[in-house]
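Visitor: here is a sequence with its predicted model. Questions after.
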Amino acid sequence: MAQPLLDVRGLSVEYRARDATVYAVSGVSFALQPGELLAIVGESGSGKSTVGLAIPRLLPAEAAITAGAISLAGTNLLALPDAELRSYRGRRIAMIFQDPVAGLNPVIDIGSQVAEILTSHLDLGRREARRQAVDLLYRVGLAEPERIARSYPFQLSGGMCQRVMIGIATALDPQLLIADEPTSALDVTVQAQILYQLERLRAERGTAVLLVTHDFGVVAQVADRVAVMYAGRIVEEGPVRDILRRPLHPYSHGLLATLPRVDGVRAHLHQIPGSPPEMTAPAARCPFLPRCSKALSRCREAPPPPLEPAGEGNRRVACYNPIWQDTAG
Ligand SMILES: Nc1ncnc2c1ncn2[C@@H]1O[C@H](COP(=O)(O)OP(=O)(O)OP(=O)(O)O)[C@@H](O)[C@H]1O
Ligand code: NI
């Protein structure tokens, strides 16, 4: 296969607080092709956002990338000088987050905020930037872009603000959009509209999207592939359809078993008995072991590495005793 757009290999991230170190991400690897939408799904604290923030090197000061490599179109982002990295952000890699209002300046009208990203990176006059800003607002599905451009964030709904954020994030046609829980704060109808925007972006502009979510319903709607995270590791990765139909890791199996089958009901992932381990020491055994009904003695010896099950091209599972049966229903 051609060189992937994004290649994350063996990424490990620690947070170093005064009294403890949190091993937030351990040996995470995945690749993303242009125009592909990969979802990272997992419970709160599993390390999803840490992975998303590590890519454009936006982790807080107490975080350290202790192992691994991250490359975008062949360029090693971890070795990129700060000045170059800054020009990568926005231009090649963009991010959107859960709270769009927090990302907007409350005292500047929307049109100026969108125009600002254009004029700061491109050689455009004010008038032309404003015109392109209005175009951009239209492109993200805002019906009255002229009026929206004159509005202030408090005059818009959360869904409209998230559309504006998608417009700002994609104004410069980035190769990669990292979207961290972009719809969690929105109600279900609006959520679907925002997901549709992401879907269009990658279909029409070939933008690769890394979508961080705790919601398997969201994954099922838009992702091509999914990486399931548990306690800082990817426990299973593969095409969404395959994983939904036949999850191999006992954790993914449990997650999907708790998913309501009725459409429109939002599923959350906190329903497997037990809780994830503290991540204050490097894992010496499979982190899912205490909650696993299928554990073998070798699961105590070391965390299982990602394995490619025979006959399951395109899939990886970090488990010595995967489940080989379809989900019921
Ligand atoms: N600044 C920090 N200092 C110390 N520990 C942190 C810091 N940020 C995150 N952590 C810890 O790192 C682990 C991974 O956090 P992260 O935010 O990446 O998880 P997440 O999967 O995105 O969770 P959520 O769904 O709640 O957003 C958690 O145990 C979290 O408590
Ligand atoms: Ni998060």
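Guide: Perfect, thanks for sending it. Ligands and ions are numbered 1, 2, ... in the order given.

Visitor: tell me the strands in the stretch 51-200 of the chain, going along the chain?
Guide: Taking DSSP state E, counting those that start in this stretch as the test, the strands found in the stretch 51-200 of the chain are 63-72, 75-76, 93-96, 176-180.

Visitor: out of those, nearest to ligand 1?
Guide: Nearest to ligand 1 among those is strand 63-72 (6.4 Å), distances taken as Cβ to the nearest ligand atom. From N, CA and C alone the C-beta is placed, and that goes for glycine too.

Visitor: average pLDDT for that closest one?
Guide: Across strand 63-72, the average pLDDT comes to 98.

Visitor: mind listing residues that contact that strand?
Guide: Defining contact as Cβ atoms under 8 Å, 6 or more residues apart in numbering, one finds that strand 63-72 is touched by 5-16, 24, 27-29, 50, 53-55, 59, 76-78, 88, 92-93, 175-176.

Visitor: can you list the residues of the stretch 201-329 of the chain near ligand 1?
Guide: Within the stretch 201-329 of the chain, the residues that sit near ligand 1 (Cβ under 6 Å from any ligand atom) are H214, M279.

Visitor: can you map out the strands along the stretch 201-329 of the chain?
Guide: All strands of the stretch 201-329 of the chain, identified by DSSP E, counting those that start in this stretch, fall at 208-213, 225-230, 233-239, 316-317.

Visitor: just so I know, which of those strands lies nearest L307?
Guide: Closest to L307 of those, according to Cβ to Cβ: strand 316-317, at 6.0 Å.

Visitor: now what about the closest one, what contacts it?
Guide: I234, V235, E236, E237, G238, L248, H249, P306, L307, E308, P309.

Visitor: can you name the residue of the stretch 101-250 of the chain nearest ligand 1?
Guide: The stretch 101-250 of the chain approaches ligand 1 most closely through H214 (5.0 Å), counting by Cβ to the nearest ligand atom.

Visitor: my read is that that residue contacts G45, right?
Guide: No: H214 is beyond contact range of G45, at 10.1 Å (criterion: Cβ atoms under 8 Å).

Visitor: out of these two, which sits in the busier spot?
Guide: A count of neighbours by other Cβ atoms under 10 Å puts H214 above the other of H214 and G45, at 21 against 17.

Visitor: report pLDDT for that one.
Guide: For H214, the pLDDT comes out at 91.

Visitor: repeat for L255
Guide: Here the pLDDT value assigned to L255 is 86.

Visitor: for it, the count of nearby residues, please.
Guide: That count, for L255 with other Cβ under 10 Å as the rule, works out to 25.

Visitor: now swap in E301 and tell me
Guide: Using other Cβ under 10 Å: E301 sits among 12 other residues.

Visitor: kindly report the same for N105.
Guide: Using other Cβ under 10 Å, N105 has 12 neighbouring residues.

Visitor: quick check: buried residues in stretch 148-156?
Guide: For stretch 148-156, burial by neighbour count (16 or more other Cβ atoms under 10 Å) applies to I148, A149, S151, P153, L156.

Visitor: of the contacts of strand 63-72, which are in range of ligand 1?
Guide: Okay, of the contacts of strand 63-72 touching ligand 1 (Cβ under 6 Å from any ligand atom), that's Y15, A24, T50.

Visitor: can you list the buried residues in the helix or strand bottoming out on mean pLDDT in the chain?
Guide: Across the helices and strands of the chain, mean pLDDT, DSSP states H and E gives its lowest value to helix 250-257, namely a mean of 89. With burial defined by 16+ other Cβ under 10 Å, the residues of helix 250-257 counted as buried are P250, Y251, S252, H253, G254, L255, L256.

Visitor: alpha carbons only: can I get stretch 17-28 in CSV?
Guide: What follows is stretch 17-28, C-alpha atoms only, in CSV (Å, rounded to 0.1, in the frame of the first residue of the first chain):
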residue,chain,number,x,y,z
ALA,A,17,2.7,15.2,38.0
ARG,A,18,4.6,16.0,41.3
ASP,A,19,3.6,12.8,43.1
ALA,A,20,2.8,10.4,40.2
THR,A,21,3.3,9.5,36.6
VAL,A,22,0.3,8.6,34.5
TYR,A,23,1.1,6.2,31.7
ALA,A,24,-1.6,7.6,29.5
VAL,A,25,-0.7,6.1,26.1
SER,A,26,1.4,3.0,25.6
GLY,A,27,2.7,1.7,22.3
VAL,A,28,-0.1,3.0,20.1
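
Visitor: who touches it?
Guide: With contact meaning Cβ under 8 Å, 6+ apart, stretch 17-28 is reached by 8, 10-15, 47, 50-51, 54, 62-63, 67-68, 229, 232-234, 279-283, 303.

Visitor: what residues sit buried inside that stretch?
Guide: Judged by neighbour count using 16+ other Cβ under 10 Å, the buried positions of stretch 17-28 are T21, V22, Y23, A24, V25, S26, G27, V28.

Visitor: wait, which of the residues you listed is closest to C292?
Guide: Distance to C292 across the buried residues of stretch 17-28 (Cβ to Cβ) is lowest for S26, with 17.7 Å.
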